[in-house]
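S.K.: Below are the sequence and a predicted model for it; my questions follow.
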Amino acid sequence: MKIAVPKEIVPGERRVALVPNALGKLTKAGFEIFVEKGAGEGSCYSDKEYEEAGARIAKSPEELYKDAKVILKVRPPVVSGKKGNNELDLMPEGSVLICFLETLRNPQVAGELAKRKITSFSMDTIPRISRAQSMDALSSQASAAGYKAVLIAARTIRKFLPMLTTAAGTIPPAKVFIIGAGVAGLQAIATARRLGANVEGFDIRPAAKGEVESLGARFVDAQLEEDTEAEGGYAKEVSEEAKKREHQVLHDHVAAADIVITTAQVPGKKAPVLVTRDMIEAMKPGSVLVDLAVEQGGNIELSKPGESVDVNGVTIIGPDNLTSEMSVHTSQMYARNIITLLLHLTKEGQLQFDFDDEITAESCITHNGEIVHERTKELLK
Ligand code: NAD
């Protein structure tokens, strides 16, 4: 069965769906792997390494997609209408596509896939259950983003992060405040702690308290009097009253911080705006904020995707596609995630979809020319 791994064409995307040292599991399972020429370049994997690991190199997208049964990608297929820039047109009818489809943000792509009778599975709708942990690409990629966000802030701020006691005097540790203590936030807390900063963490889910404290950071508790946790450990959108309370609690902690990193998200919704202009204006000049939710609308009132904004000497960074900056490892982790899902869908060398299985049912977006994913269907109504 032919697997096709294209070179990602979205500008700035350096990741690739499979890496050479992960191919063994698939060749053993009977798959024949075709990788588009140069697909691994952005992640520092050469065509030669893929060939040595048992893959064949396709010289053009046409050669790659011809007779492909399975297509493994990172980004949703580009449907631009422009000649030479429309990945969906090249995908054979009846093939199986696995990638981040992000249909909760862009449900239209599901309609296009159904029209082309492509069976699709999305890496971002895999249930967050223990059995699916090794397929959890949202977590592997978020963890890399949380790590890198701290390094970007550390490089930008004109201060040390650790406390230093030197002959030239004592330097206090930098104050780092992480808002949203999910996967990215916890990795950011751990990284800032390793760099020696004084770290505080905040989340509306009470369960986050223990996790923040176990990393040696202080938990900022807004003591919201409502249920903030949804199914699967995700956050719920909070009431207007809770938002006001959050604003009061966050104000002083943001104002006192040297670095603020925001990671707060509510699945399927625009990211909540948590850091407002008045908080930024109360910060010391030279302070740095990094908004990891900028592509989902942003947690910081003045952040802009892909830009660095200066407000009275305070720098607000809105990094886009941070995971691409870590592409050697994010591709490696993603490859492990996607292979585990593909093997989950394979029985005795053949693709078999058991829709009674929670992982298969929740990750499948389109099948037999129909959109089968309920939440995506609702968004299209
Ligand atoms: P996410 O990216 O959707 O959100 C990031 C964080 O933002 C979450 O911790 C959320 O509570 C927080 N948040 C949302 N609104 C907020 C607000 N108004 N103020 C402050 N914080 C706010 O979530 P995620 O990081 O992908 O995962 C969240 C949780 O899901 C994890 O901490 C865990 O409990 C659970 N999870 C479980 C598994 C598993 O069991 N396999 C895997 C991954 C995650």
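M.R.: Sure thing, it's come through.
S.K.: tell me the phi and psi of Leu302?
M.R.: When quoted as degrees, to the nearest 10, the phi and psi of Leu302 stand at phi -110, psi 10.
S.K.: Quick one: residues contacting it.
M.R.: Residues near Leu302 by Cβ atoms under 8 Å, 6 or more residues apart in numbering: Arg277, Ile280, Val309, Val311, Ile316. Any C-beta I mention is one placed from the backbone N, CA and C, and that applies to glycine too.
S.K.: and the residue of the stretch 151-300 of the chain found nearest the ligand, what is it in contact with?
M.R.: The ligand sits closest to Gly182 of the stretch 151-300 of the chain, with a gap of 2.1 Å, by Cβ to the nearest ligand atom. Residues counted as contacts of Gly182 (Cβ under 8 Å, 6+ apart) are Ala142, Asp203, Ala208, Ala235, Thr263, Gln265.
S.K.: Confirm that the first one sits in a helix.
M.R.: It stands for Ala142. Yes - when DSSP: H, G, I helix; E, B strand; the rest coil is applied, Ala142 is found to be in a helix.
S.K.: Tell me who's in contact with the residue sitting furthest away from the middle of the chain.
M.R.: The outermost residue of the chain relative to its centre, with distances by Cα atoms, centre = their mean, is Ala167 at 43.6 Å. With Cβ under 8 Å, 6+ apart as the criterion, no residue contacts Ala167.
S.K.: Does Phe355 touch Glu362 like I think?
M.R.: No - the pair Phe355 / Glu362 is not scored as a contact, 10.1 Å apart, by Cβ atoms under 8 Å.
S.K.: Mind picking the two most distant members of the contacts of Leu302?
M.R.: Among those, the pair separated by the greatest distance (Cβ to Cβ) is Arg277 and Val309, at 11.4 Å.
S.K.: where does the spatially closest residue to Lys59 that is not a sequence neighbour land on pLDDT?
M.R.: Here the nearest residue to Lys59 in space, its sequence neighbours aside, is Lys37; by Cβ to Cβ, 6 or more residues apart in numbering that works out to 5.4 Å. Looking at Lys37, its pLDDT reads 98.
S.K.: Repeat that for Ala230.
M.R.: Per-residue confidence at Ala230 stands at 74 (pLDDT).
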